[in-house]
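Peer 1: no sequence for this one, just the structure:
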């Protein structure tokens, strides 16, 4: 399988869905990948098991502010600079590239850089979706070392971070990103093809392509955005909270669903009963364009489909839920309900009160 110019838009659409409202807008890096494919050729996509088990794999992506990344798309030399430093540190050639985060803009970043480096892209990634922190990935769950991690910019600067755990990688990398001006190219959690086959989220590229072709599940609700509320939330990793109220239309008329977000959408509730809770993927897909809408672009009157998907199985383990489940986003009251189709309960409001509670249906009203 190859990612070529004909498949690229579908791939980007799928990455946008897997971003769960975060990860940066995939349409920003879509033209970057398109130019790389035009200049360097289609990107072969391979299963990790097809490579020698000891082959060196370089996970890649951008870190920092999506808004800055939209303005500073980088240059042609960043992937080569990362690769050179990575190979020097590991004293081995890179055999393949892997996306560090398939959701959002980083899926197309991996395609662009694989094309420019003349390397295959693994049909796998480190998250299976988008998460806000670098250490919120399945390689961290597997106990792989975060370093040596390399950060670089388009001006030739590089920083190496090593001998750290995942939490400190996040802390030090974010400090370096500030010095870089809010955005940096990165590679972290180095691994072999054998480790990728065992621990990475398998089939991520294939899944994004399928979603982009419209092969995902039917929407849970189709309707319009009737209200958007944004406010500060204490203790939720410093992210503001966005509450989006969806009013059903057509066959869903009379239904009201609340979708709550931090950097990504983290919960969907219908009259207090959870429909989906992080680590589930929750996306609002524009009914007109077919593109998933980032959290910051949700607005009143937008016609959307509410789509939910399960994440990789690793995220539903006890350690996965501790790292990236409801409690990690200030939703401790929903911690027992993580998992697509989880049982509803009375109220469904987080103990910290961060959820905007939907009232019960009026007497005699439609639930």
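Peer 2: Arrived safely, thanks for sending. No experiment lies behind these values; they were computed from the predicted model shown. Numbering: from 1, shown residues only.
Peer 1: ok, now which ones touch the nearest residue to residue 324 once chain neighbours are set aside?
Peer 2: Of all residues not flanking residue 324 in the chain, residue 136 sits nearest, at 4.6 Å (C-beta to C-beta, 6 or more residues apart in numbering). From N, CA and C alone the C-beta is placed, and that goes for glycine too. By C-beta atoms under 8 Å, 6 or more residues apart in numbering, the residues touching residue 136 are 127, 323-324, 328.
Peer 1: for residue 177, same thing?
Peer 2: Here residue 177 is in contact with 63-64, 151, 183-184 (criterion: C-beta under 8 Å, 6+ apart).
Peer 1: quickly find the element holding it.
Peer 2: Using DSSP states H and E, residue 177 falls within helix 166-180.
Peer 1: distance from the chain centre to that helix, please.
Peer 2: 19 Å (C-alpha atoms, centre = their mean, to the nearest Å).
Peer 1: list the buried ones in it?
Peer 2: Neighbour-count burial for helix 166-180, with 16 or more other C-beta atoms under 10 Å as criterion, is recorded at 166, 169-170, 172-173, 176-177, 180.
Peer 1: need the next SSE after it, C-terminal direction.
Peer 2: With secondary structure assigned by DSSP H and E, helix 166-180 is succeeded by strand 183-187.
Peer 1: centre of the chain to that following strand, how far?
Peer 2: 16 Å.
Peer 1: from the contact counts, what lies against that strand?
Peer 2: Packed against strand 183-187 by the contact rule (3 or more C-beta pairs under 8 Å, 6 or more residues apart in numbering; DSSP states H and E) you find strand 56-64, helix 78-90, strand 149-152, helix 166-180.
Peer 1: if we use 6 Å, what do you get?
Peer 2: If you count contacts as 3 or more C-beta pairs under 6 Å, 6 or more residues apart in numbering; DSSP states H and E, strand 183-187 packs onto strand 56-64, helix 78-90, strand 149-152.
Peer 1: packing partners of the shortest one?
Peer 2: Judged by 3+ C-beta pairs under 6 Å, 6+ apart, strand 149-152 is in contact with helix 78-90, strand 158-161, strand 183-187.
Peer 1: need the contact partners of the second one.
Peer 2: Applying C-beta atoms under 6 Å, 6 or more residues apart in numbering, the set of residues contacting strand 158-161 from outside is 85, 147-152, 172, 176.
Peer 1: buried ones in that strand, by neighbour count?
Peer 2: 158-159, 161.
Peer 1: need these in CSV with distance to residue 78 and pLDDT, can you?
Peer 2: As requested, these are exported to CSV (distance: C-beta to C-beta, whole Å; pLDDT from 0 to 100):
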residue, distance to residue 78, pLDDT
158, 10, 94
159, 13, 96
161, 17, 97
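Peer 1: quick one: pLDDT of residue 354?
Peer 2: As predicted, residue 354 sits at a pLDDT of 36.
Peer 1: quick one on the thing from earlier: redo the contacts of residue 136 as a markdown table? Include secondary structure and neighbour count.
Peer 2: Converted to a markdown table, the contacts of residue 136 look like this (DSSP: H, G, I helix; E, B strand; the rest coil; neighbours: other C-beta atoms under 10 Å):
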| residue | secondary structure | neighbour count |
| --- | --- | --- |
| 127 | coil | 31 |
| 323 | helix | 22 |
| 324 | helix | 28 |
| 328 | helix | 22 |
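Peer 1: correct me if wrong: residue 23 contacts residue 103.
Peer 2: Yes - between residue 23 and residue 103 there is a contact at 4.3 Å, judged by C-beta atoms under 6 Å.
Peer 1: identify the contacts common to these two.
Peer 2: residue 130.
Peer 1: these two: which is more packed in?
Peer 2: Neighbours per residue (other C-beta atoms under 10 Å) separate residue 23 from residue 103, with residue 103 holding more: 32 against 29.
Peer 1: quick check, that one in a helix?
Peer 2: No - per DSSP: H, G, I helix; E, B strand; the rest coil, residue 103 lies outside any helix segment and is coil.
Peer 1: OK, contacts around the spatially most central residue of the chain?
Peer 2: Residue closest to the average C-alpha location in the chain (C-alpha atoms, centre = their mean): residue 130, at 1.3 Å. Taking C-beta under 6 Å, 6+ apart, we find residue 130 in contact with 19-20, 22-23, 101, 103-104.
Peer 1: pretty sure residue 295 is touching residue 23, no?
Peer 2: No - under the criterion of C-beta under 6 Å, residue 295 makes no contact with residue 23, lying 10.1 Å away.
Peer 1: and the helix or strand of the chain with the lowest mean pLDDT, which residues are buried?
Peer 2: In the chain, the helix or strand scored least confidently by mean pLDDT, DSSP states H and E is helix 66-71, which has a mean of 79. Within helix 66-71, the residues that count as buried by 16+ other C-beta under 10 Å are 66, 68-69.
Peer 1: of the residues you listed, which is the nearest to residue 250?
Peer 2: Checking the buried residues of helix 66-71 against residue 250 by C-beta to C-beta gives residue 66 as the nearest, at 32.5 Å.
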